[in-house]
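**Student:** please find the sequence and the predicted model below.
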Protein chains: 2
Amino acid sequence: MKIKVDRQLLLTQLSYISKAIPTKTPLPVLTGIKFVVAEEGLYLTTSDSDITINTFLPLEVNDTQVIQIDSVGSIIIPGKYFIEIIKKLNGDNIEISTFEGNYVTIKCGRSEYTLNGFDVTQYPNIELIKHDNPIHLEKQLLKTIIRQTVFSTANSENRPVLTGVNFRYDADELMCVATDSFRLSKKLVPLNKLHEPFNIVIPGRSLIELSKILDDSHESVDVYLANNQILFQIGNISFQSRLLDGIYPETKEFVPTTFGIEIKANYHELYNAFDRAALIARDQVSNVVKLNILPEEGKLLITANSPEVGKVEEEVQVEMISGGELRIACSALFIIDALKAINNSDVIMSFNGDMRPFILRDQYDETTIQLIVPVRME
Amino acid sequence: MKIKVDRQLLLTQLSYISKAIPTKTPLPVLTGIKFVVAEEGLYLTTSDSDITINTFLPLEVNDTQVIQIDSVGSIIIPGKYFIEIIKKLNGDNIEISTFEGNYVTIKCGRSEYTLNGFDVTQYPNIELIKHDNPIHLEKQLLKTIIRQTVFSTANSENRPVLTGVNFRYDADELMCVATDSFRLSKKLVPLNKLHEPFNIVIPGRSLIELSKILDDSHESVDVYLANNQILFQIGNISFQSRLLDGIYPETKEFVPTTFGIEIKANYHELYNAFDRAALIARDQVSNVVKLNILPEEGKLLITANSPEVGKVEEEVQVEMISGGELRIACSALFIIDALKAINNSDVIMSFNGDMRPFILRDQYDETTIQLIVPVRME
């Protein structure tokens, strides 16, 4: 195997596949990049067992030759070293060749590296599950779904299924739900009849890594489902993740649809007030802040108290209040996470008393809700 | 005590004094900021026992009132919380007042914090050692001295005196030396007869923190020495550090002055070549690279070899070579640190055989040298 390849384009490919190089693995060959030179171009693959990423760089990009092939072939190259070397080399083109005994030589300008590789036969055979009937999703929409839900997945492995986001499609609607049982994020996406119904759980970490590859464009991502795997095809990038086993809990009855008390407030005022209150609240185990809705004064009071540090009181003028006075306590960090996922000018908060879950949402978006379970008032 | 103070100016003062707030201390009161409101303005003090920083903000800055005093007084305010709160508050002016029981209230816009403070009598009395006969040093020069020497101080406490930089003044020259006994940095500064001779060791960490406060201007810093302490007066900032006990070793005979082999090479080519070789070298315990000077070819070859990862060869065309061929081995990281401290277009490297220390220096600056002890070739 011997090729010359454009350094910048190679770096772009490496930035995609780097996300599936494991730092620790019982299978050392997985710390490598599967580097395959074929007649039509360069294929790179990495896998940490959960996620597999594959990219393809053709010989020509925008009518410019970017790869010159002397001979085809394949090898596993140590991933971390290879990426750092390609970053630091100084030149537009890099020559990469293999020689007997699984060595790979990287030449550029007056630099020459020889790395110990692995034979390609040692790399596990990971099949990509492409078939004829993908679901089409906009990149931007997929990225938004992830941003608005994934932070509510559970960190602990107590109930593994809760570490993922539930994607459930039926008839003409895709419902995406994440919950760690203390809060819940839910997004409904209207979708034309596109696929057989499905009900899957995608690991949160896979979605976070996928999100880093997605830009905000409206281009389409092709999504394939099979064999307990999901494959996202984004241009020349294939991103495949295993799905989580287990039945995702029904959450419908958990999410209230009618509310006794509602307020509307400016996004930035609300965010900054909770952010400042969190400075004191975070000294407490569950970051507790107290909310006090005062309809007569048109105010939301936010207070936090730490016996060790001190206390804080923040006052937010609300734009609309319906219902009576309310005192309720919850985690300041949950509210901040929920507000980050909203990111609009006005926020509606809807309550049903001090011991019932409450909801935050964008005033213009009824399809996305952020639910938080309150804690008992002292 | 009750004042209103300009938020931006207060933040600037806090950025200076934050450098002496300890994260861990057996004396909890030291995690606080000594906040003293006097008729003439605001004094802030922090101390981690080694370093004490004191700033003064007058009532007026550039003819604009920046502090409005309702009543004078003093308190110790929890440092970390206070700084984060002042950063996050939203408004130009902040009201700070104390009330009975060592509480301090911070008000700004619709935010109000109350923090638990300490009585000012609990704060250790740290005397600043100003007197009538300071040494004047340019800020920029002091910053350069620190940058070019401090990285060679020892990290380990085996010989505590080596964790500092030796400042020795005699007649008309200031000599600054740092060494961890594997490498040595030395800078000579011509200074007019300004002071009695001195020979002190300033802790490396103190110099690193001091450096963050110094800008690159030519303004003067007043330096005071007394009672095993050193005080740097930078405008309204007093930065005091304890000195290290013990006799700093004589290093004169350690530094060669004549050399058998010299090369001159472009700074960036040299830096990048060693930086790339370090990728492989750092896999070895002492980051060993081998240098091979080839006078007939006008080349410096740099190689590194890691049985696990692979090998690298870098070739640097040198601009001047005198003397014969040489093969020598040393730490790639020591060379990179030394080059960072040079930062000029051309570098001179001077050798006396493969087992003798060698020197790197800026071609235009004979007063600053970076010495490195080689390791035995395999």
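**Tutor:** Noted; the coordinates are in hand. In this text the structure is predicted, and so the values were computed from the model without any measurement.

**Student:** doesn't A:Leu210 belong to a helix?
**Tutor:** Yes: assignment of A:Leu210 by DSSP: H, G, I helix; E, B strand; the rest coil places it within a helix.

**Student:** report the beta-bridge partners for the residue nearest to it when sequence neighbours are not counted.
**Tutor:** Distances taken as Cβ to Cβ, 6 or more residues apart in numbering or on different chains place A:Phe239 nearest to A:Leu210, at 5.4 Å, with adjacent residues excluded. For every residue, glycine as well, the C-beta is placed using N, CA and C. Under DSSP bridges, the beta-bridge partners of A:Phe239 are A:Ile53, A:Phe232.

**Student:** I'd say A:Phe239 and A:Ser47 touch.
**Tutor:** No: between A:Phe239 and A:Ser47 there is no contact under Cβ atoms under 8 Å: 11.0 Å.

**Student:** mind listing what the residue nearest to A:Leu210 touches?
**Tutor:** Contact partners of A:Phe239, counting by Cβ atoms under 8 Å, 6 or more residues apart in numbering or on different chains, are A:51-53, A:209-210, A:213, A:231-233.

**Student:** again with A:Pro124
**Tutor:** The neighbourhood of A:Pro124, defined by Cβ under 8 Å, 6+ apart, consists of A:27, A:29-30, A:47.

**Student:** doesn't it fall inside a strand?
**Tutor:** No: read with three-state DSSP, A:Pro124 is coil and lies in no strand.

**Student:** what is the end-to-end distance of stretch A:174-192?
**Tutor:** Chord length of stretch A:174-192, first to last residue, is 10 Å (Cα to Cα, to the nearest Å).

**Student:** and stretch A:93-112, by the same measure?
**Tutor:** End-to-end distance for stretch A:93-112: 13 Å, by Cα to Cα.

**Student:** and that stretch, does that touch chain B?
**Tutor:** Yes: shown here: stretch A:93-112 in contact with chain B (Cβ under 8 Å from any Cβ of the partner chain) through A:103, A:110-112.

**Student:** list buried residues within the residues you listed.
**Tutor:** Burial of the residues of stretch A:93-112 next to chain B was assessed by neighbour count (16 or more other Cβ atoms under 10 Å in any protein chain shown); the buried members are A:110-112.

**Student:** list the buried residues of stretch A:218-236.
**Tutor:** Buried residues in stretch A:218-236, defined by neighbour count with 16+ other Cβ under 10 Å: A:220-225, A:229-234.

**Student:** among those residues, which two are most distant?
**Tutor:** With distances taken as Cβ to Cβ, the most widely separated pair in these is A:Ser220 and A:Gln229, at 20.0 Å.

**Student:** how about the residues of the stretch 101-250 of chain A that lie near chain B?
**Tutor:** By Cβ under 8 Å from any Cβ, the residues of the stretch 101-250 of chain A that approach chain B are A:103, A:110-116.

**Student:** ok, the closest residue to A:Ile302 other than its chain neighbours - contacts?
**Tutor:** Leaving aside its sequence neighbours, A:Ile302 sits nearest to A:Glu314 (Cβ to Cβ, 6+ apart; 4.3 Å). By Cβ under 8 Å, 6+ apart, the residues touching A:Glu314 are A:273-274, A:276-277, A:301-303, B:110-112.

**Student:** which one in chain A is furthest away from the centre?
**Tutor:** No residue in chain A sits farther from the centre than A:Glu296, which is 42.0 Å out by Cα atoms, centre = their mean.

**Student:** so what's the backbone phi/psi at the residue of the stretch 151-300 of chain A found nearest chain B?
**Tutor:** Among the residues of the stretch 151-300 of chain A, A:Arg276 lies closest to chain B, at 5.0 Å counting by Cβ to the nearest Cβ. For A:Arg276, the backbone dihedrals (degrees, to the nearest 10) come out as phi -70, psi -40.

**Student:** tell me the contacts of it?
**Tutor:** Neighbour list for A:Arg276: A:312, A:314, B:85, B:88-89, B:111 [criterion: Cβ under 8 Å, 6+ apart].

**Student:** mind listing the helices for chain A?
**Tutor:** For chain A, helices defined by DSSP state H occupy the ranges A:7-17, A:79-88, A:139-149, A:204-213, A:267-281, A:332-342.

**Student:** mind listing residues that contact the first one?
**Tutor:** By Cβ under 8 Å, 6+ apart, the list of residues contacting helix A:7-17 from outside reads A:33, A:42, A:44-46, A:53-55, A:57, A:61, A:66, A:82-83, A:86-87, A:89, A:91-94, A:108, A:213, A:237.

**Student:** kindly report the same for the second one.
**Tutor:** With contact meaning Cβ under 8 Å, 6+ apart, helix A:79-88 is reached by A:7, A:10-11, A:14, A:18, A:21, A:31-33, A:46, A:94, A:106, A:113, A:115, B:272, B:275-276, B:279-280, B:309-310.

**Student:** which residues of the stretch 51-200 of chain A score low on pLDDT?
**Tutor:** Within the stretch 51-200 of chain A, the stretches with pLDDT under 70 are A:193-194.

**Student:** any buried residues in stretch A:315-327, and which?
**Tutor:** Neighbour-count burial for stretch A:315-327 flags A:315-316, A:318, A:321, A:323, A:326 (criterion: 16+ other Cβ under 10 Å).

**Student:** output the residues you listed as a markdown table; include the columns distance to chain B and pLDDT.
**Tutor:** Below are the buried residues of stretch A:315-327 laid out as a markdown table (distance: Cβ to the nearest Cβ, whole Å; pLDDT from 0 to 100):
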| residue | distance to chain B | pLDDT |
| --- | --- | --- |
| A:Glu315 | 4 | 97 |
| A:Val316 | 7 | 97 |
| A:Val318 | 12 | 96 |
| A:Ile321 | 17 | 95 |
| A:Gly323 | 23 | 94 |
| A:Leu326 | 19 | 97 |
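
**Student:** which of those residues fall in strands?
**Tutor:** Those of the buried residues of stretch A:315-327 mapping onto strands are A:315-316, A:321, A:326, per DSSP state E.

**Student:** list the contacts of A:Arg327.
**Tutor:** A:290-293, A:354, A:377.

**Student:** measure A:Val201 to A:Asn158 for me?
**Tutor:** 15 Å (Cβ to Cβ, to the nearest Å).

**Student:** please say which of those two ends up with more neighbours.
**Tutor:** A:Val201 (23 against 10; other Cβ atoms under 10 Å in any protein chain shown).

**Student:** give the contact list for the more buried one.
**Tutor:** Counted by Cβ under 8 Å, 6+ apart, A:Val201 has contacts A:161, A:164-167, A:243-244, A:246, A:248.

**Student:** swap the cut-off to 7 Å and go again
**Tutor:** With contacts defined as Cβ atoms under 7 Å, 6 or more residues apart in numbering or on different chains, the neighbours of A:Val201 are A:161, A:164-166, A:243-244, A:248.

**Student:** what sits opposite it in the beta ladder?
**Tutor:** A:Asn166.

**Student:** hmm, back to that, just the buried ones from the contacts of helix A:79-88?
**Tutor:** Buried by 16+ other Cβ under 10 Å: A:7, A:10, A:14, A:18, A:21, A:31-33, A:46, A:94, A:106, A:113, A:115, B:272, B:276, B:279-280, B:309-310, out of these.

**Student:** distance of the spatially most central residue of chain A from A:Cys176?
**Tutor:** Nearest residue to the geometric centre of chain A (Cα atoms, centre = their mean): A:Ile208, 2.1 Å. Computed as Cβ to Cβ, the A:Ile208 to A:Cys176 distance reads 14 Å.

**Student:** can you redo the helices of chain A as a markdown table with distance to B:Lys252?
**Tutor:** Shown next, in a markdown table, are the helices of chain A (distance: least, Cβ to Cβ, whole Å):
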| stretch | distance to B:Lys252 |
| --- | --- |
| helix A:7-17 | 48 |
| helix A:79-88 | 38 |
| helix A:139-149 | 63 |
| helix A:204-213 | 55 |
| helix A:267-281 | 54 |
| helix A:332-342 | 59 |
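
**Student:** quick one on the thing from earlier: format the contacts of A:Phe239 as TSV; extra columns: distance to B:Gln140.
**Tutor:** Output for the contacts of A:Phe239, formatted as TSV (distance: Cβ to Cβ, whole Å):
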residue	distance to B:Gln140
A:Ile51	50
A:Thr52	54
A:Ile53	49
A:Glu209	46
A:Leu210	49
A:Ile213	46
A:Leu231	58
A:Phe232	54
A:Gln233	56
